[in-house]
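> predicted model and sequence follow; I will ask about them next.
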Amino acid sequence: MALYVSSPRRQVLALASLAGLVALPWLAQLLEQTFYVSLASRVLIFALAATSLNLVVGFGGMISFGHAAFFGAGAYCVVVLAQNGVFSAWLAWPAAVAMGVLLALLIGAISLRTRGVYFIMITLAFAQMAFYLVVSLKSWGGDDGLSLAQRSTLGWLDLKDDAVFYYVVLALLAFVLFAFDRFAHARFGRVIQGIRENETRMEALGYPVFAYKLVCFALGGGLAGLAGALIANQAGMAGPNLLYWTQSGTLLVMVVLGGVGSLYGGFVGAALLLLAEEVLVGLTPHWQIGLGLVLLVVVLWAPRGVAGLFARKRDDG
Amino acid sequence: MDDPRPLLEIREVSKHFGGVYALNEATLAVHYGEIHALIGPNGAGKTTLIHTLSGTLRPDRGRVYFSGSEVTKLAMHERVALGLARSYQITNIFPRLTVLDNVALGVQARTRDWGSSFRFWRPFSADRGIVEEARALLERVALGALAARCAGNLAHGEQRALEVALALATRPRLLLLDEPMAGTGPEESERMVELIAQLAREVTILLVEHDMDAVFRLADRISVLVGGSVVATGLPEAIRADPAVCRAYLGDSTETPP
């Protein structure tokens, strides 16, 4: 696809969604359905995780099947720090980001020497190694995971209040999406999209392609680490399922559903998937069949994802 | 021509794949300011030689020097930074990007002029000079009117011109043109010959080409690669008369003898 250009139309849609999301806790209070605030936090956190994967897959062209490792690393980072008496979000959350970045640098430095299917398999293998490592650590709760005694503390903000926590998550997601938009228009963002389009040619133009891909991969890992820190707070625990390969798969499905390489693709995909799950689970235990059908329809008739349906026609170039 | 130090020098470079020698102690020198054509029958090792020069392949033996320093072990992007750029035989552009974005990516790559591209926040458009230079480059290769078009939708000849513009965007000192006329019609070839002749005023060119008519019109000197070795180097008239060259070409029925 062409280099990313933000359209006024998409920005209007984004601002409208933001306004709706800001009003949501107030609406839930009015309708006495405060449970939905917690669900909405979960959706936004997964939106952040899926956005971080879309940075790697949709902009960098690196089809990573091991993104859950960074997500899980961030979650465990917060919980393990809490166990050792560190509750401050100012320390724990940046630590989770750093953990995601470091792990991504490590995995990326090796995996990015491969291409295509090999890259998919090697990222999957690394993530599974992380999963088995966590499962085998008795002090980290093994299969059961670790629970978080209390949510992180953030200055005068009381994160134990679901609405406050929700607004913090929303603010973080909004900032990340804004930064993502800047990133896509900045020189690094253009280079990374050029690499997605034609890696050999970028090398021949004089770009050290490997370094750019590694930095992009690490950025994605760091953002996933932040999402992990938030999900640990939301769920009150960190379990090995966060690192399991199906989690990586779920994040990929969100990206494909929402729109690969679309700025809001991760957000749209996460919202659709989790809300569909919420509705369908009540109807049938086999709800994933329905999900499969929806995915088929998207891939066949809206290959640019649901967010792509709202993009300008001109983008088709 | 009697410049003691050539811009590009290949000394006894060998490369074999399995038991087959693609290059066998090939030696070649390209001097400042010339158009040096490299010809040879199919399978002579031209492609391998280009890969060795651009940095895609490491030779088994021998050395490559560029403007006085050895580059044998440098990666492709490091050679580009020194001023060695290439175009591709099979069009290698960014087909889904606009023509302007194609060239702008090439201009932006020059860190010595524009600084590092590890910029995450400042918009690309803040460096106005990049786009201006990209537009100027497109004018030079006569693609100015097509700047906003999607590169994949261009005609073949236009894509060949874009291919050259991409290589030019890196401001090379040596331009390695790998069969720029490949697959072009007579009219497009004519335009490409004019373009190359015009470029040669500013940049040294190593031209690998099958179109003998174009080669003999453009080249200041010609080297002939046969069986992985350079069997002759000289002025076009000398090459045309060289018996070894004629023999090499007569052995290959798919080629027109020069």
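Thanks, I have the structure now. Numbers count the residues shown, from 1 in each chain, chains lettered A, B, ... in the order given.
> contact partners for the residue in the stretch 151-300 of chain A that chain B sits nearest to?
Using Cβ to the nearest Cβ, residue A:206 is the residue of the stretch 151-300 of chain A that sits closest to chain B, at 3.3 Å. Any C-beta I mention is one placed from the backbone N, CA and C, and that applies to glycine too. By Cβ atoms under 8 Å, 6 or more residues apart in numbering or on different chains, the contact list for residue A:206 reads B:77, B:80-81, B:85, B:109-111, B:170.
> now do 6 Å
By Cβ atoms under 6 Å, 6 or more residues apart in numbering or on different chains, the residues touching residue A:206 are B:77, B:80-81, B:109, B:170.
> give the helix, strand or coil label for it.
Applying DSSP: H, G, I helix; E, B strand; the rest coil to residue A:206 yields a three-state assignment of coil.
> next, it: phi, psi?
Per-residue torsions, residue A:206: phi 110, psi 10 (degrees, to the nearest 10).
> show me what residue B:230 is bridged to.
Under the criterion DSSP bridges, residue B:230 forms beta bridges with residue B:225.
> count the residues that sit near it.
When counting by other Cβ atoms under 10 Å in any protein chain shown, one arrives at 23 neighbours for residue B:230.
> can you tell me how far it is from residue B:45?
Distance, residue B:230 to residue B:45, using Cβ to Cβ, to the nearest Å: 10 Å.
> over to residue B:135?
Taking Cβ to Cβ as the measure, residue B:135 falls 39 Å from residue B:45.
> looking at the two, which one has more neighbours?
Per other Cβ under 10 Å, whichever of residue B:135 and residue B:45 has more neighbours is residue B:45, with 24 against 17.
> now the more buried one, nearest residue through space, not along the chain?
Counting by Cβ to Cβ, 6 or more residues apart in numbering or on different chains, residue B:228 is the residue found nearest to residue B:45 once chain neighbours are left out, at 4.3 Å.
> what's the answer for residue B:226, then?
Going by Cβ to Cβ, 6+ apart, residue B:226 has residue B:248 as its nearest residue, at 4.3 Å.
> now for the one you found, how many residues are close by?
Each residue near residue B:248 was counted by other Cβ under 10 Å, and the total is 23.
> show me what whichever strand or helix holds it is packed up against.
Using DSSP states H and E, residue B:248 sits in helix B:243-250. If you count contacts as 3 or more Cβ pairs under 6 Å, 6 or more residues apart in numbering or on different chains; DSSP states H and E, helix B:243-250 packs onto strand B:229-234.
> what are the buried residues along stretch B:200-215?
B:200, B:203-212, B:214-215 (16 or more other Cβ atoms under 10 Å in any protein chain shown).
> and if you look at stretch A:117-131?
Under 16+ other Cβ under 10 Å, the buried positions of stretch A:117-131 are A:119-120, A:122-124, A:126-128, A:130-131.
> pick the one among the residues you listed closest to residue A:185.
residue A:119 (26.8 Å; Cβ to Cβ).
> which residues sit in contact with the nearest residue to the closest one once chain neighbours are set aside?
Computed as Cβ to Cβ, 6+ apart, the closest residue to residue A:119 that is not its neighbour in sequence is residue A:111, at 5.8 Å. Contact analysis of residue A:111 by Cβ under 6 Å, 6+ apart lists A:119, A:122-123.
> do that again at 8 Å, thanks
By Cβ under 8 Å, 6+ apart, residue A:111 lies in contact with A:64, A:66, A:119, A:122-123, A:126.
> flag the shaky bits of the chain, pLDDT-wise.
Here I'm looking at chain A. Along chain A, the parts satisfying pLDDT under 70 run over A:311-317.
> oops, wrong one, chain B.
Residues of chain B that meet the cut-off, pLDDT under 70, sit at B:1-4, B:250-258.
> and it, what are its domain boundaries?
For chain B, the structural domains run B:1-83+B:172-258, B:92-171, going by automatic domain parsing.
> start to end distance for the shortest one?
Using Cα to Cα, to the nearest Å, the end-to-end distance of domain B:92-171 comes out at 18 Å.
> chain center to it, what's the gap?
Taking Cα atoms, centre = their mean, to the nearest Å, one finds the center of domain B:92-171 at 18 Å from the center of the full chain.
> what of stretch A:210-228?
Chain-centre distance of stretch A:210-228: 11 Å, with Cα atoms, centre = their mean.
> got the phi and psi for the residue positioned nearest the centre of chain B?
By Cα atoms, centre = their mean, the mean C-alpha position of chain B lies nearest to residue B:176, the distance being 1.7 Å. Taking degrees, to the nearest 10, you get phi -100, psi 110 for the backbone angles of residue B:176.
> give the burial count for the nearest residue to it once chain neighbours are set aside, as a bare number.
Residue nearest to residue B:176 in three dimensions, not counting chain neighbours: residue B:86, with 4.0 Å by Cβ to Cβ, 6+ apart. Residue B:86: 28 surrounding residues under other Cβ under 10 Å.
> which ones are touching residue B:86?
A:204, B:50, B:53-54, B:167, B:175-178.
> swap in residue B:155?
Counting by Cβ under 8 Å, 6+ apart, residue B:155 has no contacts.
> and the residue of chain B that's closest to chain A?
Closest approach between chain B and chain A, counting by Cβ to the nearest Cβ: residue B:80, at 3.3 Å.
> contact partners of the helix or strand that contains that residue?
Taking DSSP H and E as the criterion, residue B:80 maps to helix B:76-82. The contact list for helix B:76-82 (Cβ under 8 Å, 6+ apart) reads A:203-209, B:54-56, B:66-67, B:69, B:71, B:74, B:109, B:111-112, B:170, B:172-173.
> CA atoms of that helix as PDB?
What follows is helix B:76-82, C-alpha atoms only, in PDB (Å, rounded to 0.1, in the frame of the first residue of the first chain):
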ATOM      1  CA  MET B  76      25.700  -2.900   0.200                       C
ATOM      2  CA  HIS B  77      24.400   0.100   2.200                       C
ATOM      3  CA  GLU B  78      27.900   1.000   3.200                       C
ATOM      4  CA  ARG B  79      29.000   1.000  -0.500                       C
ATOM      5  CA  VAL B  80      26.100   3.200  -1.400                       C
ATOM      6  CA  ALA B  81      27.200   5.700   1.300                       C
ATOM      7  CA  LEU B  82      30.600   5.800  -0.400                       C
END
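> correct me, but residue A:201 touches residue B:91?
No. In this structure residue A:201 lies outside contact range of residue B:91 using Cβ atoms under 8 Å: 10.1 Å.
> of these two, which one has the most company?
Neighbours per residue (other Cβ under 10 Å) separate residue A:201 from residue B:91, with residue A:201 holding more: 21 against 17.
> hang on, the earlier thing: the contacts of helix B:76-82 in strands, which ones?
Residues of the contacts of helix B:76-82 located in strands (DSSP state E): B:66, B:69.
> only whichever of the contacts of helix B:76-82 are buried, select them in PyMOL.
The PyMOL selection below is limited to those of the contacts of helix B:76-82 classed as buried (16+ other Cβ under 10 Å):
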select buried, (chain A and resi 203+204+205+206+207+208+209) or (chain B and resi 54+55+56+66+67+71+74+109+170+172+173)
